[in-house]
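Q: build the 3D model from these lines:
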Amino acid sequence: MDSRVGTLSVSLRSAEFPSWNTCDGPDISPEVRIRRLAPDVRSMVIFALNPYEPGCSFTTWIIWNLDPSPVVPEGIPQQGVVTAPVDAVQGVNDYGTLGWRGPCPPGGETHRYYFKVYGLDAMLTLPAGAGKQDLIDAMRGHVLQFGRTVAFYSR
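A: Residues are numbered from 1 along each chain as shown. Predicted structure coming up:
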């Protein structure tokens, strides 16, 4: 990563997912909190990854064209173009579905999810339903800031 990329402070409500963000509940997307956004950030991207699934970077959520904001609210609908509770575009996760797909580890296991948040200098022209590699390619040359956090879930 370019050394000129600034740092974002990223957090969730807690280090452990509440059941409502998982397959043991309604599986709604979590609230993501972002601090230290630079004034020149025009949009944000979030990747959620589960390294316990095959491939080590199994993507469970990709969302972009979020307006720079200190809070991305929970409950983003599982659709490509989102207009409430925020404006955003979502892609296809590695489960093959649109939007958030929360933790659902086998019984007796704890899984860790990484949330990577990027602050960009532009909105992206990438269409809804794009995959993670398309999003990564579209972000090239636009990343101004980056931050991450982690959360766990046990069953």
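Q: what about the closest residue to P18 other than its chain neighbours, how many neighbours?
A: Nearest residue to P18, sequence neighbours excluded (CB to CB, 6 or more residues apart in numbering): G25, at 7.4 Å. Just so you know, the C-beta spots here come from the backbone N, C-alpha and C atoms, and that holds for glycine as well. Using other CB atoms under 10 Å, G25 has 12 other residues around it.
Q: give me phi/psi at G25?
A: phi -140, psi -150 (degrees, to the nearest 10).
Q: I figured it hits S19, correct?
A: Yes: with contact defined as CB atoms under 8 Å, G25 counts as touching S19 (4.0 Å).
Q: just to revisit the earlier point, tell me the pLDDT at the residue nearest to P18?
A: G25 carries a pLDDT value of 96.
Q: which residues does the residue of the chain most remote from its centre contact?
A: Distance from the C-alpha centroid of the chain, by CA atoms, centre = their mean, peaks at G108 (25.7 Å). Residues in contact with G108 (CB atoms under 8 Å, 6 or more residues apart in numbering) are R155.
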